[in-house]
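**Q** No sequence on hand, only this structure:
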Ligand SMILES: [Zn+2]
Ligand SMILES: [Zn+2]
């Protein structure tokens, strides 16, 4: 299973982009940069978009994607997997009729550009040859981490946004690769607690919780890094990696990796 990292920052600029990750070029995890960082022909290869939650930075490119795909092909259709709550919020905001086109019902409710599939926590579902399971994680909006088991048996856990207590949720899976967030530096611990994000110190505690439950630390890729604080976060993450005795990598945007097998 290949994972392509598009955006991986909590800040939008020429050089930093909101989160989106592609599994084998056809399944997107979150939609923060699926138009910003993909060519039109790459957007056309998307079959499924799976959303962790409906915060703007995770969904924003769904708005331009619908128009792009319909411009390219009059019968284009993409599957959008999210909770009923996320669908309701998307239709009330980004896709509200006089704000943008509601691709969940347009051009016809029978054959909309976006075909919604309801995700329910802990209920597994299948997309092509990939097995998915949504695991609830702590965040102010209902948020699902996704365990994805590829056809080769490799297992990815992409958490979306999560804060204190996330380690117990992660330990319900046995991933080879954990893609999680580290949003702000330790000095902003109060912000992290309030908005339920991770600092390097909180990440350390959650990885310790995972290790004591699962007996290993997976390969870790950190995303959702706030670019205004990236230098400090990098230094603090390096110190955590030293203490844990395991590498912790801050994701580079526009890169790709092969999901490693679990080492437990
Ligand atoms: Zn969020
Ligand atoms: Zn976010």
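**A** Sure thing, it's come through. As the structure is a prediction and not an experimental result, all values here were calculated from the model. Ligands and ions are numbered 1, 2, ... in the order given.

**Q** Residue 20 versus the nearest residue to residue 22 once chain neighbours are set aside, what's the distance?
**A** Spatial nearest neighbour of residue 22, excluding adjacent residues (C-beta to C-beta, 6 or more residues apart in numbering): residue 4 at 4.0 Å. C-betas here are computed from N, CA, C, even on glycine. Distance of residue 4 to residue 20, given as C-beta to C-beta, to the nearest Å: 9 Å.

**Q** Beta-bridge partners for residue 23, please?
**A** Per DSSP bridges, residues listed as beta-bridge partners of residue 23: residue 3, residue 27.

**Q** which of residue 4 and residue 20 has more neighbours?
**A** residue 20 (29 against 18; other C-beta atoms under 10 Å).

**Q** Could you double-check that that one lies in contact with residue 6?
**A** Yes - the pair residue 20 / residue 6 is scored as a contact, 4.2 Å apart, by C-beta atoms under 8 Å.

**Q** Tell me who's in contact with residue 257.
**A** Counting by C-beta atoms under 8 Å, 6 or more residues apart in numbering, residue 257 makes contact with 2, 3, 5, 177, 221.

**Q** cutoff 7 Å now
**A** Counting by C-beta atoms under 7 Å, 6 or more residues apart in numbering, residue 257 touches residue 3.

**Q** again with residue 133
**A** 122, 124, 147.

**Q** Just give the nearest non-adjacent residue to residue 157, would you?
**A** Using C-beta to C-beta, 6+ apart, the nearest residue to residue 157 is residue 175, at 3.8 Å.

**Q** Could you do residue 129 as well?
**A** Per C-beta to C-beta, 6+ apart, closest to residue 129 is residue 151, 4.0 Å.

**Q** Same question for residue 143.
**A** Counting by C-beta to C-beta, 6+ apart, residue 53 is the residue found nearest to residue 143 once chain neighbours are left out, at 4.0 Å.

**Q** about what we covered before: quick one: the residue nearest to residue 129 and residue 128 touch, right?
**A** No - under the criterion of C-beta atoms under 7 Å, residue 151 is not in contact with residue 128, lying 8.4 Å apart.

**Q** any idea how far ligand 2 is from the closest residue to residue 255 other than its chain neighbours?
**A** Once flanking residues are discounted, residue 255 sits nearest to residue 5: 5.2 Å by C-beta to C-beta, 6+ apart. Distance, residue 5 to ligand 2, by C-beta to the ion, to the nearest Å: 15 Å.

**Q** all strands of this structure, in order?
**A** Here the chain has its strands, by DSSP state E, at 2-5, 21-23, 27-29, 48-50, 78-82, 114-118, 125-127, 130-137, 143-149, 155-158, 177-181, 219-223, 248-250, 255-258.

**Q** Quick check: mean pLDDT of the third one?
**A** Read it as strand 27-29. Strand 27-29 carries an average pLDDT of 98.
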